[in-house]
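In: What shape does this take:
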Amino acid sequence: MTAKVPHTIQRDGVYYFNKRFPSGMLRLSLHTTSRHQAMQKAGGLALFLTDTERSFMNITTLRLLAADWLSTELDRHYIRRAHEFGSNQYELGTEQEVYGELRDYWKQCYKVRDYQTTEGIAEGVKQKHTVQLDDSQQLVLQRLLAQAGAELYQRLADDEFPSILDSLNTASPQAIIHEQEPEDEGELVSVLFEKYAELKASTGGWGSKRTINANRHAFTVFLEIAEDRPVKQLTKQVARDAAAQFPVYPKSRSKGENAKQTLKQLRKAETPTVDPETARGFYVKTNSFFKWLHDQGYMDTNPFDGLNPVKGKKKKPRRKQWDRTDIPQLFNSKEYLEGDYGSTKQSSRAAYYWVPLIGLYTGARLEEICQMMVGDIKQEDGIHFFDIQAEVDDDESSIKNASSMRRIPIHSHLIELGFLAYLETRDRGGRVFDLSYRGHRWSHTTSIWFGDYKERQGFAKNNTKVFHSFRGTLIRELTLVDIEDSRIMALVGHEQQSETRRTYDRVLPIAQLNKAIQQVDWRNELALIKPWSEMAGII
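Out: Okay, the predicted model is just below:
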């Protein structure tokens, strides 16, 4: 077995100098994958930095320099905002979005140890406080400034301006150069993991290379979620948060485009997540490591002790769109051709007739349709439309998110089938359909009915073609007739990609939306079904 290079750790094959000094832990890249070069560089650096005749500025002072910069920047932004923006909420919102992007950028710099981005800031800090730093001190300061930069833009994005580290702000940087060192919070958890891994390797505790890689990967996942920190900072809450995030960790995180995105970006894009068994493996392996830390005396308790691994949700089969040939098969049934709904109670039959047709022509979610009030069907410029909104008169209605608020013109075919005539029979202050509120939703019974119904029509019971497939079907049909993507998003309630679209596409003239929706036509496929006026007489 190859001996470990003293004072180093490896990340993706690259050697990093890693050593604790009286003033704190120092880690920096040696920019080599060669064991021989790493040994020479690390040995020389360790000798240089432990020279007792050198005056090594303590970590408390370097933290104070970074905190002073952060406090100054917060004050500067506070004054600028007060003078330039006042109470203009739109400009404030746009500015906060930019701050969020800058925060993610600084976090990424800190995560990948790209401290060159703070070199210019560090020079300004040194000039302001007239301090001289050697190369190692400079790197520590740049690392702290990267961390401070992320905090700066987090506070600006949250519109929070109070100064940080109040206890340190009571004194100037020069006043505490000789202050006592902070309480020892232990070694970085990444350093301790290397000790753990070395022990497992030397004793054969992990056996195969596959097991070794699986344990290292699980720790990498934990480190990305919880961030590298001194071991005594790993509290029960940190462990609880990590355990909760394992099941939603993105699949293929380090591959292709995924590797270039932050976790937040991947979650927002609804990137596929790891399998439940993989998530459980993350928990079990991380828990074993922290049990070892406790057993070895590095921690007073194991923060994962008593937690249960969060069970991931089973992967749902990928939904398929309804094909053109599926539509007549789905709707040419005894229900739509003969008005025969069997033993279904009379009050539910209107919903079972209209809800699938509305889904086909609007792409609306099942719950959005089933919970609609009669007052949600409105008219503007002679065009009737569904007004799907967040502001409702009771606590039993909801929409998925803010982008789901939208207006969907009612297709002329639905009007020909008698939808507006049906509405005339309904109480203006009531709901469109007589459905029971069960399981915290109005769509409970309709969802069960539709699953049975499609199976009777010859479609497999699996979840590849479901009610939600109408959304994908509408998107496909709108795309085939060259409707602009932003208009499609506005109709189906997907979040627009740009700030301009998010702001203006929600107030598109209803005539433009109507022109788009009318270009999707299912009259040929639905030629045999009876209009509601005839159905009402039958059922």
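
In: Per the annotation, how does the chain divide into domains?
Out: Here the chain is described, according to automatic domain parsing, as comprising the domains 59-173, 186-315, 326-538.

In: Indicate which one of those is closest to Tyr16.
Out: Among the domains of the chain, domain 59-173 comes nearest to Tyr16, with 8.2 Å by CB to CB. Every C-beta, even on glycine, is put in place using the N, C-alpha and C of the backbone.

In: count of neighbours near the closest residue to Thr344 other than its chain neighbours?
Out: Computed as CB to CB, 6 or more residues apart in numbering, the closest residue to Thr344 that is not its neighbour in sequence is Tyr352, at 6.6 Å. For Tyr352, the count of nearby residues is 20 (other CB atoms under 10 Å).

In: residues in contact with Tyr352?
Out: Residues near Tyr352 by CB atoms under 8 Å, 6 or more residues apart in numbering: 335, 341, 344, 446, 449-450, 453.

In: ditto for Ala239
Out: By CB under 8 Å, 6+ apart, the neighbours of Ala239 are 290, 303-304, 307.

In: Longest strand of the chain, counting residues only.
Out: Longest strand of the chain, by residue count under DSSP state E: strand 14-21.

In: Val231 touches Leu192, doesn't it?
Out: Yes - look at Val231 against Leu192 with CB atoms under 8 Å: they come within range, at 5.9 Å.

In: Which neighbours do the two have in common?
Out: Joint contacts of Val231 and Leu192 (CB under 8 Å, 6+ apart) are 293, 298.

In: can you map out the helices along the stretch 351-500 of the chain?
Out: For the stretch 351-500 of the chain, the helices defined by DSSP state H, counting those that start in this stretch cover 366-370, 412-416, 419-423, 444-456, 469-480, 485-492, 499-504.

In: Correction: the previous question concerned the stretch 51-200 of the chain.
Out: Counting by DSSP H, counting those that start in this stretch, the helices of the stretch 51-200 of the chain are 59-84, 89-111, 119-129, 135-157, 166-169, 189-203.

In: Looking at these, which one is packed in the most?
Out: Ranked by mean neighbour count under mean count of other CB atoms under 10 Å, those are led by helix 135-157, which reaches a mean of 21.

In: Now do it and helix 119-129, the angle between them.
Out: With axes from the mean of the first three to the mean of the last three CA atoms, to 10 degrees applied, the angle from helix 135-157 to helix 119-129 works out at 100 degrees.

In: so for helix 135-157, what's the average pLDDT?
Out: For helix 135-157, mean pLDDT is 83.

In: Of all the helices of the stretch 51-200 of the chain, which one is nearest Lys260?
Out: So among the helices of the stretch 51-200 of the chain, helix 89-111 is nearest, using CB to CB, at 9.5 Å.

In: Pull up the distance across stretch 270-280, start to finish.
Out: 20 Å (CA to CA, to the nearest Å).

In: Mind listing what's buried along it?
Out: By 16 or more other CB atoms under 10 Å, the buried positions in stretch 270-280 come out as 271, 273-274, 276, 278-280.

In: Helices - which of those residues land there?
Out: Secondary structure from DSSP state H places 276, 278-280 of those in helices.

In: Same list, those residues, but as a markdown table with distance to Gly297 please.
Out: Listed next are those as a markdown table, based on distance: CB to CB, whole Å:
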| residue | distance to Gly297 |
| --- | --- |
| Pro276 | 34 |
| Thr278 | 31 |
| Ala279 | 30 |
| Arg280 | 28 |
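
In: any chance of these in TSV, plus pLDDT and distance to Gly359?
Out: Below are those laid out as TSV (pLDDT from 0 to 100; distance: CB to CB, whole Å):
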residue	pLDDT	distance to Gly359
Pro276	86	30
Thr278	87	34
Ala279	87	33
Arg280	88	36
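
In: ok, so of those residues, who is nearest Ile212?
Out: Thr278 (16.6 Å).

In: any idea how far the closest one is from Ala364?
Out: As defined by CB to CB, to the nearest Å, Thr278 lies at a distance of 34 Å from Ala364.

In: What of Arg487?
Out: Distance from Arg487 to Ala364, by CB to CB: 16 Å.

In: Give me the more crowded residue out of the two.
Out: Ala364 (25 against 18).

In: Look up phi and psi at that one.
Out: Here is the backbone geometry of Ala364 (degrees, to the nearest 10): phi -70, psi 150.

In: Would you confirm that it contacts Ile358?
Out: Yes - look at Ala364 against Ile358 with CB under 8 Å: they come within range, at 6.5 Å.

In: quick one: which two of the contacts of Ala239 are the most distant?
Out: Going by CB to CB, the pair spanning these furthest: Phe290 and Leu307, at 10.3 Å.

In: Among the buried residues of stretch 270-280, which one sits closest to Ile121?
Out: Thr271 (33.1 Å).

In: Make sure I have this right: Ile9 is in a strand.
Out: Yes - under DSSP: H, G, I helix; E, B strand; the rest coil, Ile9 falls within a strand.

In: Identify the residues contacting it.
Out: Contacts of Ile9 (CB under 8 Å, 6+ apart): 15-16, 18, 27, 190-191, 194.

In: Could you report the distance from it to Phe193?
Out: 9 Å.

In: which residues are in contact with both of those two?
Out: In contact with both Ile9 and Phe193: no residue, using CB under 8 Å, 6+ apart.

In: on that earlier part again, now the contacts of Ile9 in CSV, with distance to Asp323 and pLDDT?
Out: Output for the contacts of Ile9, formatted as CSV (distance: CB to CB, whole Å; pLDDT from 0 to 100):
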residue, distance to Asp323, pLDDT
Tyr15, 56, 80
Tyr16, 55, 79
Asn18, 58, 78
Arg27, 57, 70
Ser190, 52, 87
Val191, 57, 87
Glu194, 55, 90
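
In: Reformat the residues you listed into JSON lines and put distance to Thr33 next to each item.
Out: Compiled in JSON lines, the contacts of Ile9 are given as follows (distance: CB to CB, whole Å):
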{"residue": "Tyr15", "distance to Thr33": "7"}
{"residue": "Tyr16", "distance to Thr33": "11"}
{"residue": "Asn18", "distance to Thr33": "16"}
{"residue": "Arg27", "distance to Thr33": "17"}
{"residue": "Ser190", "distance to Thr33": "18"}
{"residue": "Val191", "distance to Thr33": "20"}
{"residue": "Glu194", "distance to Thr33": "17"}
